[in-house]
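Got a sequence here, can you model it:
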Amino acid sequence: MSGMEGLGATASVAQLVELCVKCGQTTARIIRSYRGAPKEIKEVAIKVETLKFRIEQVQGIADDLSGTELDDLLPEIHRDILLEQLQAHHQALLVIAGLSNGVGGQTKGARLQWALVDKRKTGRIMRDLAEP
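Okay, the predicted model is just below:
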């Protein structure tokens, strides 16, 4: 792998890791905004952390195989698909975060709102995230 290809590969992986970090931070912010956050949001946080771990493992393998062409390890089309999926997940998390605006201290009314309205919206987002 040439120096420029290595630099490009590192930048691509760094971009993916950065997006995972943003997803993780957004998820953490959402969880903190809900007292006793719903199980679905915690599951998304676990999935994002697992994805981040896997990307870091791929980066470690790429470093070990520095003499190998990047496209042999992770073709550009796969990198693009992965990046698009991460961006979609991040946008979905931002939508969930938007649902929490104004909930604040989790009054009875806010918990009732979550049970009647926001949970249904989050369920729809979770179904969208689950679709391939």
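
which helices and strands sit right next to the strand or helix carrying residue 23?
Element membership for residue 23, per DSSP states H and E: helix 3-33. Packed against helix 3-33 by the contact rule (3 or more CB pairs under 8 Å, 6 or more residues apart in numbering; DSSP states H and E) you find helix 39-64, helix 70-73, helix 76-99. All C-beta atoms are positioned from the backbone trio N, CA, C, and that covers glycine.

Swap in 6 Å and give it another go.
Packing partners of helix 3-33 (3 or more CB pairs under 6 Å, 6 or more residues apart in numbering; DSSP states H and E): helix 39-64, helix 76-99.

Format these as TSV; extra columns: mean neighbour count, mean pLDDT and distance to residue 26.
Listed next are the helices and strands packed on helix 3-33 as TSV, based on neighbours: other CB atoms under 10 Å; pLDDT from 0 to 100; distance: least, CB to CB, whole Å:
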stretch	mean neighbour count	mean pLDDT	distance to residue 26
helix 39-64	15	80	9
helix 76-99	15	81	4
